[in-house]
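Engineer: please work out how this folds:
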Amino acid sequence: MMHYSDICIVGAGISGLSCVNQLLESSVCNGLDIQVFDMNADVGGRVNSKNLDAEESIELGAGRYSPQLHPNFQRVMQSYDQKNDIYPFTELALKDNVQEKLRSTILSLIPMLKEHGKDSFLSFISSYLGEIEARKIIKSMGYDALFLPNISAEMAYDIIEKHPETQSFSKNALNQWFYASNGFTQLIGQMKAEAQSKGVSFTFDHRLISLIKQDDEYQLTFLNEANETVTHVARHVILAIPPSAMPKLALNFPEDWSQYRYGSLPLFKGFLFYDTPWWEPYQLVDKVIIADNPLRKIYFKSNKYIFFYTDSENASYWHDCLKNGEDEFLKEVHFHLADALDLTPAHIPFPKEHHHKHWPHGVEFCVDTAIEHPFALLHKENGVIACSDAYTSHCGWMEGGILSAKKSAGILIERLSK
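Structural biologist: Predicted structure coming up:
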C-alpha cells in the first residue's frame, strides 16, 4: 500500500515533535499533510518515564534540566503548564579535602585549555599531574566517558560544567536543576496531542529501512510490526533520528552530510525500591556518591528509592549481567552497593521492586569540537534535512533536540516559502 504526505518526519522524540510544532506555527504549512513515523510503540525517544503510582514516576531516560542551560526546554515546560520539582543532586558527596582538591585542580587547569584543549582529557590532565593522579581525578567524577580518547579536554570541561553533580567545579556552581513532577513523558504526550488536534498523523512501529529521491519526491520504505514493507511518498522529509541510525539508510552518512564525525555512548539506569529507607541513618538522603565499582554514580532519592547511572563500559557491564537473569543482576547490584558504602551485604536489604533501562546509544555527540557546527544537516545531493541533539552543544539532550528542531523546521519553512 502506498501512502502520501506533503511533509514526512521520521522520529517522534522531542526533536521530531518540536519540528512538528514549529512547522504548525508557520502559515506556509497551513493545509499541508504532515505525517510522523517512529519505530517505537509511541512518542518519546530517549524520554521515557515510568509511572509507579498516581503520585510517583521515575525517569528511565532524560531525567532533569536546568533553566540556565536549557532555556528553550524550560519555555516548553511552561507553555504546557508542566509542574516541576527541585532536582537535589547538584554536588558529589565527597569528603571535604577530596572535594576541594578536585575543585581546585579542575579550575586551575582551565587556562591551559587554550593551548591544549584538543588533546584527550586524560592526556591533558596527565601532562600536568601524571597519569596515575589524572586517572584518580577523572574517576572521582563518575563519568567514565571522560576517559575515552575521542573526548577532548574542551569537551570534558563542557561536560563537567553542564552536569549537576560536577557543576560545582566550574562557573556554573549556582545553576538550578529540576525534574518533571509527573514525568517528562506527560509533556511529550501533550505535544503529540496538540499536533494531532491540528491534523498531524502519527504511525508507530514502523522502522525506516530506505529513502530515495525520485524526481521531486522522496520514497520512504518502512518495515512495520508485522515485518511487512510499507511505502510512503512525501514532498519533503526531515529525519529526526540520531547519527547512530543514519548509516543504516545507505545515505553515505556522514560524508554526504557533514565534515564532522559522530559517536555515541551506552547508558544504563537502575532503580531500587525498599520497604524502608535504610540509607537515612547514613545521612545519604538526596545525596549522590561515586563508587569505585560498576555502579559508579549512586543516588539516594529522599526516602523513596535509590538509583544508579552508568555510562560506557559499566553500562555494558550491567546489560551483560541481565543476560544471566534478574536474580543474578540484583545479587550483583546488592554486592556492589554494600561495597560502595563499606558495609557488609547483610546490612543492606534486598529491594522489593526494581526497574532498569539500557540505552545502547544513550548519548550521541559530535566527536570533533567545533563551535560552528550546524544545528541541522542537509544531504548534499537530495536535500533531506537531518535533525538531532547530537548536532548541538554537548549535554543538552532535550534542549539540543529543540534547538535542532528549530533550525530544521526553519530550513523547510524557507524552502516552502520559495
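
Engineer: domains of this protein?
Structural biologist: Following automatic domain parsing, the chain resolves into domains at 2-57+70-84+182-261+371-417, 96-174, 264-363.

Engineer: rank those by pLDDT, which is bottom?
Structural biologist: Least confident of those, judged by mean pLDDT, is domain 96-174 with a mean of 89.

Engineer: what sits against Ser122?
Structural biologist: Careful, residue 122 is Leu and not Ser. Taking CB atoms under 8 Å, 6 or more residues apart in numbering, we find Leu122 in contact with 131, 134-135, 138, 146-147, 149. Any C-beta I mention is one placed from the backbone N, CA and C, and that applies to glycine too.

Engineer: the residue nearest to His347 when sequence neighbours are not counted and Ala291: what is the separation?
Structural biologist: Once flanking residues are discounted, His347 sits nearest to Ala338: 6.9 Å by CB to CB, 6 or more residues apart in numbering. According to CB to CB, to the nearest Å, Ala338 and Ala291 sit 10 Å apart.

Engineer: the more surrounded of those two?
Structural biologist: Between Ala338 and Ala291, Ala291 has the larger neighbour count (other CB atoms under 10 Å), namely 18 against 15.

Engineer: surely that one touches His336?
Structural biologist: Yes: with contact defined as CB atoms under 8 Å, Ala291 counts as touching His336 (6.8 Å).

Engineer: what's the closest non-adjacent residue to Leu211?
Structural biologist: Nearest residue to Leu211, sequence neighbours excluded (CB to CB, 6+ apart): Leu220, at 5.1 Å.

Engineer: the helix or strand containing that neighbour packs against which elements?
Structural biologist: Leu220 belongs to strand 217-224 when assigned by DSSP states H and E. Identification of packing neighbours for strand 217-224 by 3 or more CB pairs under 8 Å, 6 or more residues apart in numbering; DSSP states H and E yields strand 2-10, strand 206-214, strand 229-239.

Engineer: quick one on the thing from earlier: check contacts around the residue nearest to Leu211.
Structural biologist: Leu220 touches 8, 10, 37, 208, 210-211, 231-234, 237, counting by CB under 8 Å, 6+ apart.

Engineer: cool, and Lys192?
Structural biologist: With contact set as CB under 8 Å, 6+ apart, Lys192 has these partners: 12, 17, 43, 202.

Engineer: I figured the third one hits Met191, correct?
Structural biologist: This means Val43. Yes: taking contacts as CB under 8 Å, Val43 lies within contact range of Met191: 7.5 Å.

Engineer: any residues in contact with both of these two?
Structural biologist: Both Val43 and Met191 are in contact with Leu17, where contact means CB under 8 Å, 6+ apart.

Engineer: tell me which of the helices and strands packed on strand 217-224 sits nearest to Leu60.
Structural biologist: Proximity to Leu60 (CB to CB) singles out strand 206-214 among the helices and strands packed on strand 217-224, at 21.0 Å.

Engineer: okay, the domains of the chain, which one's buried deepest?
Structural biologist: Comparing the domains of the chain by mean neighbour count (mean count of other CB atoms under 10 Å), domain 2-57+70-84+182-261+371-417 ranks first with a mean of 19.

Engineer: what ranges do the helices span in the chain?
Structural biologist: Per DSSP state H, the chain carries helices over the ranges 14-24, 71-79, 96-108, 113-116, 121-129, 131-139, 153-161, 184-197, 312-321, 326-340, 397-417.

Engineer: redo these as a markdown table? Include distance to Ile298.
Structural biologist: A markdown table is the format used below for the helices of the chain (distance: least, CB to CB, whole Å):
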| stretch | distance to Ile298 |
| --- | --- |
| helix 14-24 | 28 |
| helix 71-79 | 26 |
| helix 96-108 | 16 |
| helix 113-116 | 30 |
| helix 121-129 | 23 |
| helix 131-139 | 15 |
| helix 153-161 | 19 |
| helix 184-197 | 22 |
| helix 312-321 | 12 |
| helix 326-340 | 6 |
| helix 397-417 | 21 |
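
Engineer: of the ones you listed, which is nearest Lys352?
Structural biologist: Using CB to CB, the helices of the chain put helix 326-340 closest to Lys352, at 10.9 Å.

Engineer: with just CA atoms, put that closest one into CSV.
Structural biologist: Taking Å, rounded to 0.1, in the frame of the first residue of the first chain, the C-alpha atoms of helix 326-340 are listed here in CSV:
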residue,chain,number,x,y,z
GLU,A,326,17.1,-10.7,37.0
ASP,A,327,18.0,-12.5,40.2
GLU,A,328,21.7,-12.6,39.3
PHE,A,329,21.5,-9.0,38.3
LEU,A,330,20.1,-8.0,41.7
LYS,A,331,22.7,-10.0,43.6
GLU,A,332,25.4,-8.2,41.7
VAL,A,333,23.8,-4.8,42.4
HIS,A,334,23.4,-5.7,46.1
PHE,A,335,27.1,-6.7,46.4
HIS,A,336,28.4,-3.6,44.8
LEU,A,337,26.1,-1.3,46.7
ALA,A,338,27.4,-2.8,50.0
ASP,A,339,30.9,-2.3,48.7
ALA,A,340,30.3,1.3,47.8
